[in-house]
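**Q** Sharing a model that was predicted from the sequence below.
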Amino acid sequence: LSGTVFVDPNGNGATYGFEPDTDTGLGGVTVTLTQSGNPVFTPVTAVTATAAILAGQYYNPATGGSSPTPGAGLCPVPAAGLGVGQYLFCDLLSGSGYQVVETQPAGYSTTGNKEGNAGGTANAGTDTTSGITLASGQAATGYDFGESVLTAVSGRVYVETGGNTSDDGTGTDPGIAGVTVTLT
């Protein structure tokens, strides 16, 4: 089961998921996989790839890095490779009730989540896609999480005394207290 956490500048992540020509993968984000109704399934986490990983390498879900040799807990990278921001859970059993949950990265706001090719229900409010059913041998792809960078707007309301339409500081252009400013 795989997907991408990405910066979504046009805010259409819920409709289209990750668009390689428009969006940018976001490395180092934690994604957790659970399976409801299966008491022996322990939740598993993966850190999104922090650099591109070529086919033939092994993805380390614990770090988001790679290894040239196989090992415990490592996933073989598919033929297309893994890009920055992609994650991969491997060696899963067929069954229902799988759920992927993104840990919201600091400094970002969710634009939308997209369910992948094995179905499920994406919920941007909880950064979760639940109800995923995996068939035997299925490669479930496209479980994407879109993000927007949080920004700030700041300024100062003042009396323009110099006539130059520039803020010359409180010594020349005194501030005005109590003014309501609305961002739309």
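**A** In hand now; what should we look at?
**Q** other SSEs contacting the helix or strand of the chain with the lowest mean pLDDT?
**A** Within the chain, no helix or strand scores below helix 13-16, which has a mean of 92 by mean pLDDT, DSSP states H and E. The contact analysis (3 or more C-beta pairs under 8 Å, 6 or more residues apart in numbering; DSSP states H and E) places helix 13-16 against strand 108-114, strand 144-149. (C-beta placed from N, C-alpha, C; glycine too.)
**Q** Need the winner for burial among those strands.
**A** Neighbour counts (mean count of other C-beta atoms under 10 Å) averaged over each of these peak at strand 144-149, with a mean of 25.
**Q** what's next to that strand, contact-wise?
**A** Here strand 144-149 makes contact (C-beta atoms under 8 Å, 6 or more residues apart in numbering) with 3-9, 11-14, 17-18, 23, 26, 29, 31, 102, 105, 107-114, 116, 127.
**Q** sorry, back to before: what's the first helix or strand after the least confident helix or strand of the chain?
**A** Per DSSP states H and E, the first helix or strand lying C-terminal to helix 13-16 is strand 24-25.
**Q** Tell me the strands beside that following strand, with direction?
**A** Looking at strand 24-25 with DSSP bridges, its partner strands are strand 2-7 (antiparallel).
**Q** orientation of the partner strand relative to strand 108-114 in degrees?
**A** Strand 2-7 runs at 140 degrees relative to strand 108-114, counting by axes from the mean of the first three to the mean of the last three C-alpha atoms, to 10 degrees.
**Q** tell me the mean pLDDT over strand 2-7?
**A** Averaged across strand 2-7, pLDDT comes to 98.
**Q** Touching it from outside, list them.
**A** Strand 2-7 has contacts (C-beta under 8 Å, 6+ apart) with 13, 17-18, 23-26, 29, 31, 48, 78, 82-83, 85-89, 100, 102, 105, 108, 116, 139-149.
**Q** out of everything not next to it in sequence, what's closest to residue 91?
**A** residue 75 (7.7 Å; C-beta to C-beta, 6 or more residues apart in numbering).
**Q** isn't residue 153 right up against residue 183?
**A** Yes: with contacts counted by C-beta atoms under 8 Å, residue 153 reaches residue 183, the gap being 6.0 Å.
**Q** Can you tell me the element residue 32 falls in?
**A** Using DSSP H and E, residue 32 falls within strand 30-35.
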